[in-house]
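[1] A structural model of the following input is requested.
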Amino acid sequence: MAKKQFTLNTAPHEAEIGDTTFVFQAEVLGDEFLDRYEQFQEANRRLDIDLDRARP
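    Numbering: from 1, shown residues only. Predicted coordinates:
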């Protein structure tokens with residue numbers, strides 16, 4: 001039987017937008033991802049960040 005070896009990301013992914021740093025959980029499952037993404041969108045609305053303007 002063939003053996004394959006792989007690793008899962010366990011360190012959070014970081015995204016800096018303007019002065020704000022977002023930390024994303026690595027290897028999150030589908031419904032949990034959607035919940036977190038909704039929280040991310042709500043945080044953007046509260047911070048009123050223009051994502052198009054924040055790009056370098």
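[2] okay, now the unreliable bits of this protein?
    Within the chain, the ranges that satisfy pLDDT under 70 run 8-9, 27-28, 49-56.
[3] which parts of it are helices?
    For the chain, helices defined by DSSP state H occupy the ranges 30-47, 51-54.
[4] chain neighbours aside, what residue packs nearest to the spatially most central residue of the chain?
    For the chain, the residue nearest the mean C-alpha position is F24 (3.5 Å; Cα atoms, centre = their mean). Nearest residue to F24, sequence neighbours excluded (Cβ to Cβ, 6 or more residues apart in numbering): H13, at 4.3 Å. C-beta: built from backbone N, CA, C; applies to glycine.
[5] can you pull the contacts of the one you found?
    23-24, 26 (Cβ atoms under 8 Å, 6 or more residues apart in numbering).
[6] ok, now which ones touch E16?
    Residues in contact with E16 (Cβ under 8 Å, 6+ apart) are F22.
[7] please apply the same query to F22.
    14-16, 40, 43.
[8] got the CA positions of stretch 21-32 in PDB?
    Provided in PDB are the C-alpha atoms of stretch 21-32 (Å, rounded to 0.1, in the frame of the first residue of the first chain):
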ATOM      1  CA  THR A  21      -4.800  42.900  11.200                       C
ATOM      2  CA  PHE A  22      -7.200  40.100  10.700                       C
ATOM      3  CA  VAL A  23      -6.200  36.600  11.900                       C
ATOM      4  CA  PHE A  24      -7.900  33.700  10.200                       C
ATOM      5  CA  GLN A  25      -8.000  30.100  11.500                       C
ATOM      6  CA  ALA A  26      -6.200  27.700   9.300                       C
ATOM      7  CA  GLU A  27      -8.000  24.500   7.900                       C
ATOM      8  CA  VAL A  28     -11.400  25.600   9.100                       C
ATOM      9  CA  LEU A  29     -14.400  23.400   8.000                       C
ATOM     10  CA  GLY A  30     -17.200  24.600   5.700                       C
ATOM     11  CA  ASP A  31     -19.900  25.800   8.100                       C
ATOM     12  CA  GLU A  32     -17.400  27.100  10.600                       C
END
